[in-house]
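> Predicted model and sequence follow; I will ask about them next.
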Amino acid sequence: MSVGEVVKVSGPLVVARGLPHPKMYDLVKVGRDRLMGEIIELRGDRASIQVYEETSGIGPGDEVISTGEPLSVELGPGLLTSIYDGVQRPLDVIRDKHGNYIARGVEEPGLSRTALWPFHPAVRRGERVAPGDILGTVPETAVVTHRIMVPTGVEGEVLEILEGEFTVEETIAVIGTESGEVRLSMMQRWPVRRPRLYREKRPPIRPLVTGQRVVDTFFPIVMGGTACVPGPFGSGKTVLQHAIAKWANSEIVIFVGCGERGNEMTEVLLEFPELTDPYSGESLMLRTVLVANTSNMPVAAREASVYTGITLAEYYRDMGYNVTLQADSTSRWAEALREISGRLEEMPGEEGYPAYLGTRLAAFYERAGRVVCLGSDGREGSVTCIGSVSPPGGDLSEPVTQATLRVVKVFWGLEDRLAFARHFPAISWLNSYSLYLEQAEKQWKEEVDGDYPRLREEAMSILQREAELQEIIRLIGIEALSDQERLLMETAKSLREDFLQQNAFDEADAFTSSKKQFRLLKLIMDFHRLAESALEEGKSLQEILELPVWEEIARAKFISEDRLERFEELEDKCERVLASLASERARRV
Amino acid sequence: MAREYLTVREIVGPLILLEGVEGARYNELVEVEFPDGKVGLGNVLEVEEDVVLLQSFEATSGLDVAHTRIRFTGRGLELAVTRDILGRVFDGLGRPIDGGPRVIPEKRLDINGSPINPFARDYPTDFIQTGISAIDGLNPLVRGQKLPIFSGAGLPHNRLAAQIARQSGVLGKAEEFAVIFAAMGITFEEADFFVSEFRSQAALERAVLFINLADDPAIERIATPRMALTAAEFLAFEYDMQVLVLLTDMTYYCEALREISAARKEVPGRRGYPGYLYTDLATIYERAGRIKEARGSITQIPVLSMPDDDKTHPIPDLTGYITEGQIILSRELNRRGIYPPIDVLPSLSRLKEKGIGEGKTREDHSGLSNQLFSAYARGKEARELSVILGEAALTEEDKLFVTFSNEFEDRFIRQGEYENRSITETLSLGWELLRLLPRSELKRVKEDQIRRYMEGGSGDEAVLPAAEAMDAVD
Ligand SMILES: Nc1ncnc2c1ncn2[C@@H]1O[C@H](COP(=O)(O)OP(=O)(O)OP(=O)(O)O)[C@@H](O)[C@H]1O
Ligand SMILES: [Mg+2]
């Protein structure tokens, strides 16, 4: 250990002098309380340190100790169901030991040193192993099998492999390598700012089914893809991200609460254990890790929190899982970056953000992707990254939104106009986009229905046409519209209210499978088509609009997943009632 | 041993630069002795080697470079707390100004507090009845929530805040209440309104007041809300009280912060406010909440006036990003003489879903409020359309919605300043208004609830048991 001294304190930034051999991103401990910090700039013998804890009471002359190691996370069984702060301190353990408020200088390891985990070997003595090979497995939770992998840099013959219950520090295997014997435990460490290694990156192909109709059907995301959710306050970013964390078919969920509300973390902690995963039938918490660095916690740790989160995500990806990482909100991360940059007196770019904002953001999202993992079995895993963006005043031209849009492939734009009208999710169907449509359509054709892409396209054009017609109504009034157009307006309304709107708090509505999404869309669109021909046959628009079956269509979203045959009955009914309307001409006779 | 220095080098606005200092600590409290003997307080903003940058909470006029003495205290800014602070009035830095006895502290607490461990939080779920329909019915407040009032110059936000403080109670619970009131930069008249309000309600002994007026030192305001919240945490979590904190006006607080930032020549964020405004505000607002196993709670109602009524101004904007919803006042309603002029559509209580419904308020609460929202939204839209195109452009149905929204504003939103409506009254009123609409349009309320609450007679409490009995027979 090497010691230096504080020369300057300015908020979360501390400058130290006299640290022997300081390296960029080395972890240091500052002052008597041993506050954690990280070196972020070196000038001569002065090192600038961002401190992850409140720095009140620190002053010149205080001791600074360098650990010589970069900020790293502990990886191994016990991550799932945990809640960590931005630098992987377990908040539950901290509360047990230190009370309701976060004390300074608390040191707690990310993984429990006493918990015992049953280890089942997957290799035999004498086998040769290389990085990424699976040494054995641990049933981490009822739904996730934790695969213990050979860490980077270790290659050779298995000299010994144990079976039984171990703590994360105990040896479970001994590998004979060129440079001697290496004892391995179930725990590895990885520096958070360095992407974990994989063999090869591949373009993502499988849609991530989120159960959110407007997302899956209109602006789909894929496993290994990237998406952003910009929107003004209260427009529904967090609710949408929570919904995706709950219902998407990913095997692991990492949720980073980055500079947001404490209560939102509490909500996840209370809700997830009680909710059942529609795929595994088990509690949602069993596949989830939370990283919570709320807005009132120190900003430097907020900056680190997204890296902590994504490293955990990559680690499960490397086991061959499909992982979803959500960061709420990336704007708060960018603001942390801006604050530290300001204290470093760097040359500010737009709105005071540092010039490297764009590169940092891009590097973060670049850690998403579908990969072939290290290891001889050729397994694949993926990390999907979804970040919310909180543009000041809802103005999307601001730097964080703009820098994000340059890298992500899906844009779910939330609008306060929709939120005020309580249209949720308030995703604008006119402005949002997904560059993964092709992948989604391919999957739909194979697994849902060949008609799905066409229906989607028609529905979209009805919604676009509606916007144009609304403009006309605003200028001239509704009489300006033809019957066909008025019917279209009704269908558009039905699409908006009965398909796009989805109540995240209603048990029956919160999740919709791909099959059901298709049936619901088909129901609305088929009815529209039939009603159009009815009009052509001369039937009365008024009578069509007054059909009580509209109400049944409106309730179709509540049809339960195991009774999808109800859709066929309803479709038959639509056909019947439209057919039974007499045409004007017939009536005249 | 107090360390005292006469080595002031520069004074720039509220900032003092001092050299030759040994052992200064970041955020340390200092005493600033003016050449005329007056003593003010300040704290350390930055320290480099032996050079220290201070902010003075006292206005710096009268300070000079030669005679100003700075004493370092070795601790941070603290508030002396005891249960007996109830009923007392303090200045913005926590010094008594009511002529009462000296506070004999049980404890001295650092006013910056520490962040609540997110794992220690308990989710706010207890509905608070404010007696105001526009809030209780549509944007209900729950215990432990932070729900600001976004207002504008000349709007009755203070009267509304006082009404909330006066009427708030949790259904079916008799517990110890306290109101903490922090005034930042408001006028004497406004502050006096609150003081006499508390006095006339004999509520002063349940209140603690921290008062920084418009002509008090601006920088002092930076400490005021933290003083108030330190007192709140003490009463809530050491004496199990249900504490309501009113902070008014956060706009002046933010302006003080901007003044410091400008004097430090920091790179400004939007409209000159510092880039860390969000984080700074969060360290105030996030001090609301509940803690597992604790009986007390802190509910916060910050009041802020939006410059130019602009919701995208950084102060309301960043506040909205932190708080759990917002109550927005409308100049238009106020102009039409509607009190409280709450603009319900853009207002929002994010904790609503958890605080209402069966067992909390009533089973129909959620559906009814959604229905009222959407009907009012539609009525308002139609009304705007008719202003442009004339009433003839409206369908018959739209006309009903226009009538509904007029009645809604006139009877549901409008109420007396001393009118305290029970939640049952509020809900009944909502159902009564829905009768103005075609039944087929009521898509957001459940069929059985329409029958029970809208068609089951007069719709007041008296029908409730009967309706339940009927269901039981079913
Ligand atoms: N899908 C939904 N179903 C029902 N209500 C919703 C839905 N989405 C959002 N809401 C409503 O909108 C409110 C605000 O949503 P949310 O907290 O997600 O906003 P946000 O965009 O994250 O805001 P902020 O930027 O301030 O964090 C919720 O409390 C809820 O009342
Ligand atoms: Mg949010």
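Yes, it's here. Ligands and ions are numbered 1, 2, ... in the order given.
> Who are the contact partners of the residue lying closest to A:Pro195 once chain neighbours are set aside?
The shortest distance from A:Pro195 to any non-neighbouring residue, by Cβ to Cβ, 6 or more residues apart in numbering or on different chains, is to A:Arg367 (5.1 Å). (Glycine included, C-beta is placed from N, CA and C.) When contacts are counted by Cβ atoms under 8 Å, 6 or more residues apart in numbering or on different chains, A:Arg367 touches A:Pro195, A:Ile310, A:Ala313, A:Glu314, A:Val383, A:Cys385.
> now the residues you listed in TSV, with distance to A:Tyr25 and neighbour count?
Below are the contacts of A:Arg367 laid out as TSV (distance: Cβ to Cβ, whole Å; neighbours: other Cβ atoms under 10 Å in any protein chain shown):
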residue	distance to A:Tyr25	neighbour count
A:Pro195	14	17
A:Ile310	16	27
A:Ala313	20	29
A:Glu314	18	27
A:Val383	22	30
A:Cys385	22	29
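> quick one: contacts for the residue of the stretch 301-450 of chain B found nearest chain A?
Evaluated by Cβ to the nearest Cβ, the stretch 301-450 of chain B has B:Thr312 as its residue closest to chain A, separated by 3.2 Å. By Cβ under 8 Å, 6+ apart, B:Thr312 lies in contact with A:Pro392, A:Gly393, A:Gly394, A:Asp395.
> which SS state does the nearest residue to the third one once chain neighbours are set aside fall under?
Read it as A:Gly394. In this structure, A:Gly394 finds its nearest non-sequential neighbour in A:Pro232, 3.2 Å apart by Cβ to Cβ, 6+ apart. The local conformation at A:Pro232, judged by DSSP: H, G, I helix; E, B strand; the rest coil, is coil.
> and the gap between A:Pro232 and ligand 1?
Distance, A:Pro232 to ligand 1, using Cβ to the nearest ligand atom, to the nearest Å: 7 Å.
> so that residue makes contact with A:Asp416?
Yes - A:Pro232 is in contact with A:Asp416 according to Cβ atoms under 8 Å; the separation is 4.8 Å.
> More neighbours: these two, which one.
Counting neighbours by other Cβ atoms under 10 Å in any protein chain shown for A:Pro232 and for A:Asp416 shows that A:Pro232 has the greater number, 24 against 17.
> give the contact list for that one.
A:Pro232 sits next to A:Ser390, A:Pro391, A:Gly393, A:Gly394, A:Leu414, A:Asp416, B:Asp317, B:Gly320 when contact means Cβ under 8 Å, 6+ apart.
> would a markdown table of these with distance to B:Thr82 and secondary structure be doable?
A markdown table is the format used below for those (distance: Cβ to Cβ, whole Å; DSSP: H, G, I helix; E, B strand; the rest coil):
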| residue | distance to B:Thr82 | secondary structure |
| --- | --- | --- |
| A:Ser390 | 40 | coil |
| A:Pro391 | 45 | coil |
| A:Gly393 | 43 | helix |
| A:Gly394 | 45 | helix |
| A:Leu414 | 47 | strand |
| A:Asp416 | 45 | helix |
| B:Asp317 | 38 | helix |
| B:Gly320 | 36 | helix |
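> Out of the residues you listed, which is nearest to ligand 2?
Checking the contacts of A:Pro232 against ligand 2 by Cβ to the ion gives A:Ser390 as the nearest, at 7.4 Å.
> gap between the longest helix seen in chain A and the chain center?
Counting by DSSP state H, the longest helix found in chain A is helix A:452-476. Its chain's C-alpha centre and that of helix A:452-476 lie 31 Å apart, by Cα atoms, centre = their mean, to the nearest Å.
> picking up where we left off before, now for A:Pro232 and A:Asp416: what residues contact both?
Common neighbours of A:Pro232 and A:Asp416 are listed as A:Gly394 (criterion: Cβ under 8 Å, 6+ apart).
> Outline the domain layout of the chain.
In the absence of a named chain, this looks at chain A. A:2-72, A:115-186, A:206-435, A:452-588 (automatic domain parsing).
> um, chain B though
Split into domains by automatic domain parsing, chain B comes to B:3-76, B:79-355, B:365-473.
> Nearest to ligand 1 among those domains would be which one?
With Cβ to the nearest ligand atom as the criterion, ligand 1 lies closest to domain B:79-355 of the domains of chain B, at 3.4 Å.
> So is that closest one next to ligand 2?
No - using Cβ under 5 Å from the ion, domain B:79-355 never reaches ligand 2; the gap is at least 7.7 Å.
> one step back: ok, now how distant is the residue nearest to A:Gly394 from B:Gln326?
From A:Pro232 across to B:Gln326, the span is 12 Å (Cβ to Cβ, to the nearest Å).
> can you list residues touching both of the two?
Taking Cβ under 8 Å, 6+ apart as the contact rule, A:Pro232 and B:Gln326 both touch B:Gly320.
> Beta-bridge partners for A:Ile49, please?
On the basis of DSSP bridges, A:Ile49 is bridged to A:Val14, A:Ile39.
> Help me confirm that it comes into contact with A:Val30.
Yes - with contact defined as Cβ under 8 Å, A:Ile49 reaches A:Val30; the gap is 6.6 Å.
> Quickly list what's touching both of these two.
Shared contacts of A:Ile49 and A:Val30, counting by Cβ under 8 Å, 6+ apart, come down to A:Val14, A:Ala16, A:Gly37, A:Val64.
> Just give me the neighbour total for the last one.
So that's A:Val64. Neighbour count of A:Val64, defined by other Cβ under 10 Å: 27.
> would you list every one of the helices in the stretch 301-450 of chain B?
Taking DSSP state H, counting those that start in this stretch to define them, one finds helices in the stretch 301-450 of chain B at B:314-322, B:331-335, B:352-355, B:365-389, B:396-407, B:423-434, B:447-449.
> got those as CSV, with mean pLDDT columns?
Below are the helices of the stretch 301-450 of chain B laid out as CSV (pLDDT from 0 to 100):
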stretch, mean pLDDT
helix B:314-322, 95
helix B:331-335, 96
helix B:352-355, 88
helix B:365-389, 91
helix B:396-407, 94
helix B:423-434, 96
helix B:447-449, 88
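> Quick check: which of those helices is buried the most?
Highest mean neighbour count among the helices of the stretch 301-450 of chain B (mean count of other Cβ atoms under 10 Å in any protein chain shown): helix B:314-322, with a mean of 24.
> C-alpha coordinates for that helix, CSV please?
The C-alpha trace of helix B:314-322 is given here as CSV (Å, rounded to 0.1, in the frame of the first residue of the first chain):
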residue,chain,number,x,y,z
PRO,B,314,-35.3,24.4,-14.8
ILE,B,315,-36.7,24.8,-11.3
PRO,B,316,-40.1,23.2,-11.9
ASP,B,317,-38.6,20.8,-14.4
LEU,B,318,-35.9,19.4,-12.2
THR,B,319,-38.4,19.3,-9.3
GLY,B,320,-40.8,17.3,-11.3
TYR,B,321,-38.0,14.9,-12.2
ILE,B,322,-37.5,14.2,-8.5
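> Counting by contacts, list what that helix packs against.
In terms of contacts (3 or more Cβ pairs under 8 Å, 6 or more residues apart in numbering or on different chains; DSSP states H and E), helix B:314-322 is packed against strand B:149-151, helix B:250-263, helix B:277-285, strand B:297-305, strand B:325-328.
> So which of these is nearest chain A?
Ranking these by proximity to chain A (Cβ to the nearest Cβ) places helix B:277-285 first, at 3.4 Å.
> Do a quick rundown of the helices in the stretch 151-300 of chain B.
Secondary structure of the stretch 151-300 of chain B (DSSP H, counting those that start in this stretch): helices located at B:157-167, B:188-200, B:224-238, B:250-263, B:277-285.
> does chain A sit close to the shortest one?
Pointing back at helix B:277-285 there. Yes - interface with chain A: helix B:277-285 contributes B:Tyr278, B:Thr279, B:Ala282, B:Thr283 (Cβ under 8 Å from any Cβ of the partner chain).
> Could I get the pLDDT score of the last one?
Put plainly, it is B:Thr283. Per-residue pLDDT puts B:Thr283 at 94.
> Quick check: closest non-adjacent residue to it.
A:Asn296 (4.9 Å).
> That neighbour: neighbouring residues, count only.
A:Asn296 has 24 neighbours, counted by other Cβ under 10 Å.
> Quick one: find the helix or strand in chain A with the lowest mean pLDDT.
helix A:584-588 (a mean of 57; mean pLDDT, DSSP states H and E).
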